[in-house]
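>>> need a 3D model of the sequence below.
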Amino acid sequence: MAEITLKIEGMSCQHCVMHVKKAVDGVSGVSSSDVAIGSAKVVYDDSKTNKDRIVRAIQVAGYEVIQ
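Sure thing, here's the model as predicted:
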């Protein structure tokens with residue numbers, strides 16, 4: 001298992017938090033996520049997914065990840 005914390009721009013409300021959480025939790029291999037305005041802490045199985053896929057899911061949801 002691996003864990004990452006990402007900074008996210010463009011989030012301003014609880015709707016944004018839920019949108020990002022749904023996107024992250026939808027990535028195969030993600031076991032848990034703790035999303036707040038401006039950040040996400042994600043635990044995932046690194047044999048099933050990687051940071052790039054998680055970042056891409058957030059971007060597709062309409063938010064920018066600050067590396």
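>>> how about the residue nearest the centre of the chain: what's its closest non-neighbour residue?
Computing the C-alpha centroid of the chain and ranking residues by CA atoms, centre = their mean puts residue 24 first, at 4.2 Å. Nearest residue to residue 24, sequence neighbours excluded (CB to CB, 6 or more residues apart in numbering): residue 33, at 4.5 Å. For every residue, glycine as well, the C-beta is placed using N, CA and C.
>>> what of residue 45?
residue 29 (4.4 Å).
>>> residue 37 now?
residue 11 (4.8 Å).
>>> so the one you found sits right up against residue 62, yeah?
No: counting by CB atoms under 8 Å, residue 11 does not reach residue 62; the two are 9.8 Å apart.
>>> who has more neighbours out of those two?
Neighbour comparison, residue 11 and residue 62: the larger count goes to residue 11, with 21 against 12 (by other CB atoms under 10 Å).
>>> could you check how far the more buried one is from residue 17?
7 Å (CB to CB, to the nearest Å).
>>> between the two, what contacts are shared?
Common contact partners of residue 11 and residue 17 (CB atoms under 8 Å, 6 or more residues apart in numbering): residue 37.
>>> just checking, what packs against the biggest helix by length in the chain?
Within the chain, and with DSSP state H defining each element, the longest helix by residue count is helix 14-25. Using 3 or more CB pairs under 8 Å, 6 or more residues apart in numbering; DSSP states H and E, the elements in contact with helix 14-25 are strand 30-36, strand 39-44, helix 51-60.
>>> from the ones you listed, which stretch is densest packed?
strand 39-44 (a mean of 19; mean count of other CB atoms under 10 Å).
>>> run the chain-centre distance for that one.
Between the centre of strand 39-44 and the centre of its chain there are 6 Å (CA atoms, centre = their mean, to the nearest Å).
>>> go on, stretch 38-50?
Using CA atoms, centre = their mean, the offset of stretch 38-50 from its chain centre is 7 Å.
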